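Novice: All I have is the shape, not the residue letters:
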């Protein structure tokens, strides 16, 4: 297909509501049609769930970054996220798109981008535009998006991680870890490129597969089932950290790890179309013995603080048959769709309703807008300070 010609006209600026907080949902991907489709799937689910209280308080706007094979990404500004609106919205060059983004004068951004540029560089735009956003900073996302870096930080904070090492293409391409082990790219999501290596003769093929996707990869000792959990942390209004009810994913000798097929349904082009949870494959709230839950929660809070997380965090944890646990990786992403992990965990408390949680998060983000911040000329720092949280 030929590249769609970018519109030379600037997108129309939507009339601004004086009574509602303007929220801009930024989605898509500049680097991958896979991540563009994944982002749109989650963002559309989020938007479809808005209730009357949410739309009465917040003026929702949408911006889509479209992957293009030549000439860089294109931007569109659909009125909503229906298939027809997204398909027919005029597309603009990145320069025109950023200019139009400025003109929207967002109070709060909700990032729905999964790809590495979306998690990092595009989040960096928000502060430049003087708007706050939900979730962790671009700096924290850059750290967590590299599984090799994140595991070192967590280990330094006293959080148990699986024995492993990072390999770097052309610098260190062999490992001392033997089978059984896990090989995975450092900066891919949804288990893309992961291999469970059962015998040493299959190790090099797994390393080659991971290196085809990333210049840095992780090789770590396989933690046999056991159990696999997701532990979520939610920041409260007072800065304290609340450990949410946990997810358990049911593993077995026939299904020892989660793969992309366990997580997402795809079309005949391999693009995501929705979640693919098999019935009975997971449970929330998980049945966790009190002492183990306390240990997992304390480790999750330590990891949240050490990684510089904000608002919420999610950690994948493997537990061996002796109840020793190992943090595998972390996720600082939530689309606030009904099936999102943080939303599902929150609803399992029987205290936190989906849309009420979203409204609380949006209000909190608006309050920390850079427009309201008082800066001191006496402060000199190369990076933003971590928010104060009470572990």
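Specialist: Sure thing, it's come through. These numbers were taken from a predicted model, which means no experiment stands behind them.
Novice: Please parse the chain into its domains.
Specialist: Split into domains by automatic domain parsing, the chain comes to 21-133, 163-221, 227-369.
Novice: Comparing the ones you listed by mean pLDDT, which bottoms out?
Specialist: Averaged per stretch, pLDDT over the domains of the chain is lowest on domain 227-369, reaching a mean of 88.
Novice: roughly how far out does that domain sit from the chain middle?
Specialist: From the chain centre to the centre of domain 227-369 is a distance of 11 Å (CA atoms, centre = their mean, to the nearest Å).
Novice: So for the helix or strand harbouring residue 166, what gets flagged as buried?
Specialist: In the assignment (DSSP states H and E), residue 166 maps to strand 164-168. By neighbour count on 16 or more other CB atoms under 10 Å, the buried set for strand 164-168 is 164, 166-167. The way it works is simple: take the backbone N, C-alpha and C, and place the C-beta from them, glycine included.
Novice: Strands of the stretch 151-300 of the chain, residue ranges please.
Specialist: 164-168, 181-185, 195-197, 216-221, 227-235, 241-243, 247-249, 264-266, 272-275, 282-283 (DSSP state E, counting those that start in this stretch).
Novice: follow-up on the earlier one: turn the domains of the chain into TSV, including distance to residue 156.
Specialist: Listed next are these as TSV, based on distance: least, CB to CB, whole Å:
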stretch	distance to residue 156
domain 21-133	22
domain 163-221	15
domain 227-369	7
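Novice: looking at those, which is buried most?
Specialist: Here the criterion is mean neighbour count by mean count of other CB atoms under 10 Å, and of these the winner is domain 21-133, at a mean of 19.
Novice: and residue 37, which of the strands of the stretch 151-300 of the chain is closest to it?
Specialist: With respect to residue 37, and counting by CB to CB, the nearest of the strands of the stretch 151-300 of the chain is strand 272-275 at 5.0 Å.
Novice: where do the helices sit along the stretch 1-150 of the chain?
Specialist: In chain order, the stretch 1-150 of the chain shows helices spanning 33-48, 52-57, 83-88, 94-103, 116-119, 121-128, 138-145, 147-156, with DSSP state H, counting those that start in this stretch as the criterion.
Novice: For my notes, please list these in JSON lines and give distance to residue 295 for each entry.
Specialist: Formatted as JSON lines, the entries for the helices of the stretch 1-150 of the chain read as follows, by distance: least, CB to CB, whole Å:
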{"stretch": "helix 33-48", "distance to residue 295": "31"}
{"stretch": "helix 52-57", "distance to residue 295": "37"}
{"stretch": "helix 83-88", "distance to residue 295": "45"}
{"stretch": "helix 94-103", "distance to residue 295": "44"}
{"stretch": "helix 116-119", "distance to residue 295": "29"}
{"stretch": "helix 121-128", "distance to residue 295": "32"}
{"stretch": "helix 138-145", "distance to residue 295": "22"}
{"stretch": "helix 147-156", "distance to residue 295": "15"}
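Novice: Please name whichever of the ones you listed is nearest to residue 320.
Specialist: Between residue 320 and those, the shortest gap by CB to CB is with helix 147-156, which sits at 17.1 Å.
Novice: what residues does that closest one touch?
Specialist: Among residues not part of helix 147-156, those counted as contacts by CB atoms under 8 Å, 6 or more residues apart in numbering are 143-144, 161, 164, 166, 184, 186-187, 216-218, 220, 302-303, 306-307, 327, 329-330.
Novice: Could you do stretch 109-128 as well?
Specialist: Outside stretch 109-128, the residues within contact range by CB under 8 Å, 6+ apart are 23-32, 35, 38-39, 42-43, 46, 65, 98, 101, 131-135, 137-138, 141-142, 145, 187, 189, 333, 335-336, 362, 370.
Novice: one step back: quick one, which of the domains of the chain is nearest to residue 157?
Specialist: Closest approach to residue 157 among the domains of the chain (CB to CB): domain 227-369, 3.6 Å.
Novice: picking up where we left off before, tell me which of the helices of the stretch 1-150 of the chain sits nearest to residue 317.
Specialist: Distances from residue 317 to each of those were compared by CB to CB, and the smallest falls on helix 147-156, at 10.9 Å.
Novice: tell me the mean pLDDT over the closest one?
Specialist: According to the model, helix 147-156 has a mean pLDDT of 95.
Novice: quick one: it to helix 138-145, angle?
Specialist: Orientation note: helix 147-156 sits at an angle of 100 degrees relative to helix 138-145 (axes from the mean of the first three to the mean of the last three CA atoms, to 10 degrees).
Novice: what angle sits between helix 147-156 and strand 164-168?
Specialist: Relative orientation of helix 147-156 with respect to strand 164-168: 150 degrees, computed using the same axes, to 10 degrees.
Novice: starting at the chain centroid, how far to helix 147-156?
Specialist: Using CA atoms, centre = their mean, we find the averaged C-alpha position of helix 147-156 to lie 17 Å away from the chain's own average C-alpha position.
Novice: Now do the buried residues in that helix.
Specialist: Taking 16+ other CB under 10 Å as the basis for neighbour counts, the residues of helix 147-156 that come out buried are 147-151, 153-155.
Novice: right, and the pair among these with maximum separation?
Specialist: 147 and 155 (12.4 Å).
Novice: so what's residue 28 up against?
Specialist: 36, 39-40, 64-67, 73, 113, 118.
Novice: Could you do residue 101 as well?
Specialist: 24, 26, 63, 75, 125, 129.
Novice: Centroid-nearest residue for this structure?
Specialist: Among the residues of the chain, residue 333 comes closest to the average C-alpha position under CA atoms, centre = their mean, at 2.5 Å.
Novice: Can you verify my assumption that it contacts residue 134?
Specialist: No - between residue 333 and residue 134 no contact is recorded; they are 10.1 Å apart, counting by CB atoms under 8 Å.
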